[in-house]
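Trainee: here is a sequence with its predicted model. Questions after.
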Amino acid sequence: MHPLKKIGDSFERIPWDQAIDEIAERLSAIVQEHGPRSLALVGGGSIGCALQGIFAISLLRGMGSQYFYNALAQELTGRYWADGKTYGSQTLHAAPDLDKTDMLLIFGWNPMMSHHTPQARRVLTKFAKDPDRLLVVVDPRVSETARIADIHLPIRPGTDALLYRAMISIILNEGWHDQEYIEKHVSGFESIRPFFADFDGKAAIEVCGLDYRQVKEVCRLFTTRTSCHHSDLGVLMNRHSTLISYLETVLRAVCGRIGVEGGNIFPVSLRGGPRKRNAAMAEQESRYWRTVATGYPGITRVYPPNVMPEEILSEHPERLRAVIVSGANPLRSFADTSAYEEAFGKLDLLVTIEVAMTETAALSHYVLPAMTAYESWDAGLTLWAGGFPKIFMQMRHPVVEPEGEQIEAGEIYLRLADKLGMVPEIPETLYRAAESEDRLRFGAALVEYLKANPKAGKNMPYLLGKTLGKKLGSVQLASFWGALQSLPPSSHELAERAGFHPGPGLGEEIFQTILEHPEGIWVGEVDTRSWDHFQALATEDGLIHLDVPEMAEWIQEIDPVKESERLELEEEEYPFIMSSGRHMDYNANTQMRDPAWNKGKRACTAIMHPADAEKWGFEDGQMVKVITEAGQETIELQVTNGTRPGYIMIPHGFGLIFQGKTYGANANRLTKNTHRDRIAGTPYHRYIRCSVKAA
Ligand SMILES: Nc1nc2c(c(=O)[nH]1)N[C@H]1C(S)=C(S)[C@@H](COP(=O)(O)OP(=O)(O)OC[C@H]3O[C@@H](n4cnc5c(=O)[nH]c(N)nc54)[C@H](O)[C@@H]3O)O[C@H]1N2
Ligand SMILES: Nc1nc2c(c(=O)[nH]1)N[C@H]1C(S)=C(S)[C@@H](COP(=O)(O)OP(=O)(O)OC[C@H]3O[C@@H](n4cnc5c(=O)[nH]c(N)nc54)[C@H](O)[C@@H]3O)O[C@H]1N2
Ligand SMILES: [Mo]
């Protein structure tokens with residue numbers, strides 16, 4: 001509820017001004033002495049609370065640093081990398097067209113529990129019940145989504161790369177691919193074809209523990225129906241993650257399923273417009289940094305949390321020394337808690353902006369209290385995520401007053417930036433215009449000011465925060481208004497179809513309407529009659545590029561003999577495979593801190609198959625010790641056929657300390673931060689070798 005400063009071993013309450021002054025002073029001293037590479041930002045917004053992000057990143061960049069670490073690089077950056085190579089932009093992602101498809105093929109995705117698509121349970125249940133539609137789930141266990149599927153392929157954990165290579169090879173060998181589509185929309189097909197021509201698909205599918213005829217039938221269905229495909233953490237947080245993302249694009253492309261109705265389509269956002277030629281392939285340009293000790297690039301300019309402990313503990317002169325954390329809890333969310341504890345202990349400055357006294361906050365030099373999602377104007381992914389054909393937008397209103405001195409996270413960054421001298425001089429006229437009831441007048445004054453001071457545009461969020469933010473009572477809301485004033489021309493047509501009036505007043509009209517509708521609005525619509533999905537591609541030639549040299553060597557490693565050798569090698573020391581991060585009704589990342597939420601539930605258990613329990617002599621309800629390369633944790637055992645033999649699952653988001661007491665096991669005491677993807681640095685949380693002993 002109040003800014004806190006660590007003095008000795010405990011925290012003392014200090015006034016806001018003192019906190020801002022001291023932090024600004026220490027930040028600038030560290031950057032002056034060790035260079036901007038010594039500073040990193042972590043998080044920059046939590047799920048559902050994204051508006052502070054633009055302020056946080058502006059502060060980081062204003063200090064000259066590029067080191068933005070975020071959970072996206074715990075899951076999606078490998079896929080973004082592959083999208084960049086094949087579609088020409090790391091921000092173009094093809095989503096399943098659930099409305100129009102009649103077959104959905106899923107790998108490693110459990111939306112019945114993760115709700116990772118709007119109205120997941122309703123949409124998926126309806127889909128599964130429809131006799132004309134087919135749901136196929138590839139998952140090692142009978143997941144809640146596999147349970148309602150028409151076909152379930154119970155794949156051996158960690159072997160999806162083999163299965164994808166086998167499926168593509170079956171499709172090409174049978175001649176089931178879409179030659180006409182390939183000729184029209186794909187480049188590099190002939191050069192990658194040999195990777196699949198002589199591949200022993202039968203042997204591969206055997207290693208995957210699947211039935212060859214059934215897989216072949218799924219291939220036939222996928223190539224003959226109006227099909228689409230989706231995958232998620234089960235493969236993203238697994239062996240060969242980035243390669244798998246690439247193979248998925250190959251599979252969809254050779255089957256002609258990208259950019260077609262009922263296939264995988266590109267959602268459209270008001271901000272992006274239909275064609276977003278985005279050259280954000282930062283890792284290829286020398287002006288974008290790599291991490292100094294581990295040499296990882298920022299994909300979509302996001303760096304992988306997995307390397308942060310090494311970046312702090314390194315002897316490199318430009319190693320990380322100061323970290324600002326906001327809307328994230330690295331000490332529980334990021335892999336390898338022990339490595340993080342050691343690393344964060346070595347920082348010269350750790351500042352955490354939070355709504356709770358988290359494990360990360362407890363280690364910090366300063367803790368700054370942010371308003372929660374209930375106290376401030378904020379929005380999540382629904383703000384700019386886009387849709388197809390209808391585009392949704394929502395801004396949440398504050399519904400309660402904070403009881404302490406909390407302010408918006410965006411404002412905390414603004415105050416720091418101001419103290420650090422990053423906010424341009426603002427003339428009285430602009431302040432006065434902001435006070436007027438007529439926002440159009442403010443808009444005109446702003447345009448005048450920017451004409452005279454073109455460089456000030458760089459600090460837009462701060463400029464808006466300090467002027468309009470005062471009038472609106474929210475710097476975050478002011479920054480959103482600003483973003484709506486600079487919509488690209490393409491957005492006007494989209495918005496017109498949702499009943500808005502194109503022209504200079506559009507941004508203001510949308511802003512007003514959103515304020516009047518806290519439940520969200522349809523803000524735009526794509527005209528599907530004239531819409532060409534291939535307009536969205538950002539490659540120079542407008543084709544999907546399958547020839548990706550970085551993938552060539554990696555694909556050839558995916559061979560049934562080599563893969564089964566690798567898989568068996570580890571089995572002796574660590575007989576179990578663990579999935580660290582089971583999603584269920586009782587967790588939401590690390591956000592459920594008060595154990596009262598899960599009172600009377602078996603919320604934090606390790607689930608094990610009855611056959612394993614019998615083999616190892618375990619009983620339901622007993623405490624067990626799970627041991628990995630990284631460490632060990634004690635957890636309650638739950639025996640259930642929700643998992644498969646040899647495969648245990650534990651949830652993440654537990655092991656949280658609430659009022660001095662720890663509840664449940666910390667999944668990330670068991671994950672090793674070096675166990676990561678070679679390109680993206682993302683963790684293998686769905687494939688961790690472990691042993692289980694009675695505690
Ligand atoms: N209840 C709840 N919902 C959440 C969250 C939460 O903490 N709790 N977190 C949210 C967040 S941040 C995210 S990113 C999403 C993620 O949501 P999802 O991507 O749906 O992730 P998971 O729930 O991990 O589901 C992954 C599935 O992959 C399967 N799997 C494991 N290993 C393999 C494998 O080797 N191959 C294949 N093919 N499948 C495998 C698992 O059995 C599991 O059923 O969930 C969001 N929703
Ligand atoms: N072992 C293992 N670890 C995992 C995963 C896994 O499957 N297994 N999943 C990973 C995934 S997919 C993700 S996305 C990450 C997520 O991990 P993080 O990025 O750490 O995010 P969260 O746990 O969602 O929330 C972090 C913090 O945000 C704070 N918070 C909530 N609202 C606000 C707000 O309005 N303002 C501010 N400033 N703070 C707020 C909460 O108090 C919480 O401490 O975890 C990853 N960690
Ligand atoms: Mo996530």
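Mentor: Cool, got the structure. Ligands and ions are numbered 1, 2, ... in the order given.
Trainee: tell me the domain ranges of the chain?
Mentor: Split into domains by automatic domain parsing, the chain comes to 97-266+547-553, 426-525, 574-694.
Trainee: count of residues packed around M1?
Mentor: Using other CB atoms under 10 Å, the number of residues around M1 comes to 11. To be clear about C-beta, it is placed using only N, CA and C from the backbone, and glycine gets the same treatment.
Trainee: E403 too?
Mentor: So E403, with other CB under 10 Å, has 8 neighbours.
Trainee: distance-wise, check it relative to R582.
Mentor: In this view, E403 and R582 are 35 Å apart by CB to CB, to the nearest Å.
Trainee: SS state for the closest residue to ligand 2 within the chain?
Mentor: Nearest residue of the chain to ligand 2: G581, at 2.1 Å (CB to the nearest ligand atom). Under the three-state scheme (DSSP: H, G, I helix; E, B strand; the rest coil), G581 adopts strand.
Trainee: how near is it to P651?
Mentor: With the distance defined as CB to CB, G581 ends up 7 Å from P651.
Trainee: list residues touching both of the two?
Mentor: In terms of CB atoms under 8 Å, 6 or more residues apart in numbering, G581 and P651 are both contacted by the residues A667.
Trainee: about what we covered before: in TSV: the domains of the chain, plus distance to ligand 1, mean neighbour count and mean pLDDT.
Mentor: Listed next are these as TSV, based on distance: least, CB to the nearest ligand atom, whole Å; neighbours: other CB atoms under 10 Å; pLDDT from 0 to 100:
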stretch	distance to ligand 1	mean neighbour count	mean pLDDT
domain 97-266+547-553	2	20	97
domain 426-525	19	17	93
domain 574-694	3	19	96
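Trainee: can you put those in a markdown table and add distance to A335?
Mentor: Formatted as a markdown table, the domains of the chain follow (distance: least, CB to CB, whole Å):
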| stretch | distance to A335 |
| --- | --- |
| domain 97-266+547-553 | 10 |
| domain 426-525 | 31 |
| domain 574-694 | 4 |
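Trainee: quick one: closest of those domains to H365.
Mentor: domain 574-694 (18.8 Å; CB to CB).
Trainee: so how far is M167 from S338?
Mentor: According to CB to CB, S338 stands 39 Å off from M167.
Trainee: please apply the same query to V31.
Mentor: From V31 to M167 the distance is 50 Å (CB to CB).
Trainee: what sits against the closest residue to S486 other than its chain neighbours?
Mentor: In space, S486 comes closest to G507 once its chain neighbours are excluded; the distance is 7.6 Å by CB to CB, 6 or more residues apart in numbering. Contact analysis of G507 by CB under 8 Å, 6+ apart lists W481, L484, Q485, S486, L487.
Trainee: what do you get if the cut-off is 7 Å, keeping everything else the same?
Mentor: Applying CB atoms under 7 Å, 6 or more residues apart in numbering to G507 gives the contacts L484, Q485, L487.
Trainee: how far does the host helix or strand of it sit from its chain's centre?
Mentor: Per DSSP states H and E, G507 falls inside helix 506-516. On the basis of CA atoms, centre = their mean, to the nearest Å, helix 506-516 sits 28 Å off its chain's mean C-alpha point.
Trainee: before we move on, what about stretch 208-221?
Mentor: 31 Å.
Trainee: again, but for stretch 153-165
Mentor: The answer for stretch 153-165 is 23 Å, by CA atoms, centre = their mean.
Trainee: residues making contact with that stretch?
Mentor: Contacts for stretch 153-165 (CB under 7 Å, 6+ apart): 107-108, 138, 140, 196, 199, 204-205, 207-210, 214-215, 218, 235, 238-240, 243-244, 247-248, 251, 555, 558, 560, 563, 567, 577, 644, 647, 687.
Trainee: what sits opposite the residue nearest to V692 when sequence neighbours are not counted in the beta ladder?
Mentor: In this structure, V692 finds its nearest non-sequential neighbour in V624, 5.2 Å apart by CB to CB, 6+ apart. Assessed by DSSP bridges, V624 has beta-bridge partners I635, A694.
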